[in-house]
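S.K.: I'd like to go over a predicted model; first the sequence, then the structure.
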Amino acid sequence: MPENSQTSRTRPLRAVIITQDDPFFLGDSFKYLFSKLSDNINVTSCVLLSVSPFGKKESFFKKLQKTYNVFGFWFCLHYGAHFVISKFRINWTVAAVMRRNGVEILRLSRSINHPDSLEAIRSRSPDVLVSIAGNEIFKQPLLDIAPYGCINLHSALLPKYRGLMPSFWVLRHEEEETGVSVFFVNEGIDTGPILVQKRFKIGEMSQRDLIRYSKIIGMDAICEALEKIHAGETETLPNDDGEATYFSFPTRKDVDQFRRSGARFF
C-alpha cells in the first residue's frame with residue numbers, strides 16, 4: 001500500500017485502467033462500471049493489452065489447441081461462436097466502451113514493464129492504476145508510477161484461489177460461496193493487502209454465469225475501492241500467505257473432475 005494513501009483528496013482521482021481486449025465479458029462489464037463511477041473518479045486512459053482470456057499470453061493457435069485439448073470440442077465451439085459474434089458487436093468492445101466514455105486508448109508495442117511502456121503510462125500522470133483482467137506480471141517500477149498505487153480485481157475471496165481461472169476452481173471444488181477481492185498490487189501473484197472484498201452464494205450458476213456475475217460485483221468493488229482511496233480511507237485486510245491456495249491453468253483431468261462434480265461451463 002502506498003505511503004501517502006491516507007491522504008484525502010479534494011479533486012477527482014485520475015485513474016488509468018490496465019485491461020485486455022477481451023471479446024466475451026469485459027465490454028459489458030466496463031459499460032456497467034462507467035454507469036456507477038462518481039464525479040470523484042476521472043478515468044483518463046486505458047492501457048489495452050492483447051487478449052488472453054483463459055490464462056497467460058500465447059499465440060492464438062497455441063491457445064486454441066491448448067483450450068481444445070483441455071476443455072474439449074463443445075467448450076471451443078461455444079466460445080468460438082461468441083468470438084465470431086463479438087466481431088459484429090463493434091459498439092460493445094472494450095475499446096468502443098472506453099472511447100464512448102471519453103477515455104484515451106493506449107496500446108503498447110512492448111511489455112508493460114518495458115521502460116518505453118512505463119514512460120508512456122507515467123506521461124498520463126495517473127493518481128492510481130486499476131488492473132482489471134490484466135495478463136502480465138507487474139514489476140515494481142510500474143507499481144511506483146502512481147502515487148496511490150495500483151489496485152487489482154480478483155474474482156475470488158483472497159487469500160484463497162490465488163492464480164488463474166478462479167471461477168473454474170471454486171466450481172471444481174464445489175464451493176457454496178465465492179466473491180471478489182480488490183487489493184493493492186505488489187510484485188507477488190495476488191498477494192497484496194485487500195482493500196475491498198465482497199462475497200456471494202454460487203447457487204446453480206454455471207462458470208459463464210459466475211464470470212458474468214462476479215464481473216458485475218467486481219465493478220461495484222472497484223468503485224468502492226476508488227472512493228475509499230479518494231477519501232483517504234485505505235485500511236486493508238490481511239492477505240495471509242498461511243491461509244492461501246494457488247491454482248494455475250487446469251489440466252484435462254481437472255476438467256473431467258469438474259464435470260463429474262456436476263459443475264457446468266455454460
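M.R.: That came through, no problem. Numbers count the residues shown, from 1 in each chain.
S.K.: for the helix or strand encompassing Ala221, name the packing helices and strands.
M.R.: Take DSSP states H and E as the rule and Ala221 turns out to sit in helix 207-231. In terms of contacts (3 or more Cβ pairs under 8 Å, 6 or more residues apart in numbering; DSSP states H and E), helix 207-231 is packed against strand 13-20, helix 26-36, strand 41-49, strand 128-132, strand 150-154, helix 166-172, strand 177-184, strand 194-201. No exception for glycine: its C-beta is placed from N, CA and C like everyone else's.
S.K.: tilt between the longest one and strand 41-49?
M.R.: Translated: helix 26-36. With axes from the mean of the first three to the mean of the last three Cα atoms, to 10 degrees applied, the angle from helix 26-36 to strand 41-49 works out at 170 degrees.
S.K.: between helix 26-36 and strand 13-20, how big is the angle?
M.R.: Computed with the same axes, to 10 degrees, the direction of helix 26-36 lies at 170 degrees from that of strand 13-20.
S.K.: can you list the buried residues in helix 26-36?
M.R.: Along helix 26-36, these residues count as buried under the neighbour rule (16 or more other Cβ atoms under 10 Å): Leu26, Gly27, Asp28, Ser29, Phe30, Lys31, Leu33, Phe34.
S.K.: contacting residues around the first one?
M.R.: Listed by Cβ atoms under 8 Å, 6 or more residues apart in numbering, the contact set of Leu26 reads Thr19, Gln20, Val94, Ile132, Ala133, Lys215.
S.K.: let's go with 10 Å and repeat that
M.R.: Under the criterion of Cβ atoms under 10 Å, 6 or more residues apart in numbering, the neighbours of Leu26 are Thr19, Gln20, Leu33, Val51, Pro53, Trp92, Thr93, Val94, Val97, Ile132, Ala133, Lys215.
S.K.: for the third one, give its distance to Arg212.
M.R.: Pointing back at Leu33 there. Distance of Leu33 to Arg212, computed by Cβ to Cβ, to the nearest Å: 14 Å.
S.K.: where does pLDDT dip in the protein?
M.R.: Applying pLDDT under 70 to the predicted model, the residue ranges of the chain that meet it are 1-9, 52-58.
S.K.: out of the contacts of Leu26, which is nearest to Ser111?
M.R.: Nearest to Ser111 out of the contacts of Leu26 is Gln20 (Cβ to Cβ; 13.7 Å).
S.K.: the closest one contacts Arg107, correct?
M.R.: No - taking Cβ atoms under 10 Å as the definition, Gln20 is not a contact partner of Arg107, at 11.2 Å.
S.K.: so the two - more neighbours on which side?
M.R.: Ranked by neighbour count (other Cβ atoms under 10 Å), Gln20 and Arg107 place Gln20 first, with 20 against 12.
S.K.: for the more buried one, list each beta-bridge partner.
M.R.: Listed by DSSP bridges, the beta-bridge partners for Gln20 are Leu49.
S.K.: for it, what are its contacts?
M.R.: Gln20 makes contacts with 26, 47-53, 57, 94, 132-136, as judged by Cβ under 10 Å, 6+ apart.
S.K.: go again using 8 Å as the cut-off
M.R.: When the contact criterion is Cβ under 8 Å, 6+ apart, the partners of Gln20 are Leu26, Leu48, Leu49, Ser50, Val51, Ser52, Pro53, Val94, Ala133, Gly134, Asn135.
S.K.: likewise for Lys31?
M.R.: Residues touching Lys31, when contacts are defined by Cβ under 8 Å, 6+ apart, comprise Trp92, Val97.
S.K.: my guess is Ala120 meets Ser109, correct?
M.R.: No - between Ala120 and Ser109 no contact is recorded; they are 9.4 Å apart, counting by Cβ atoms under 8 Å.
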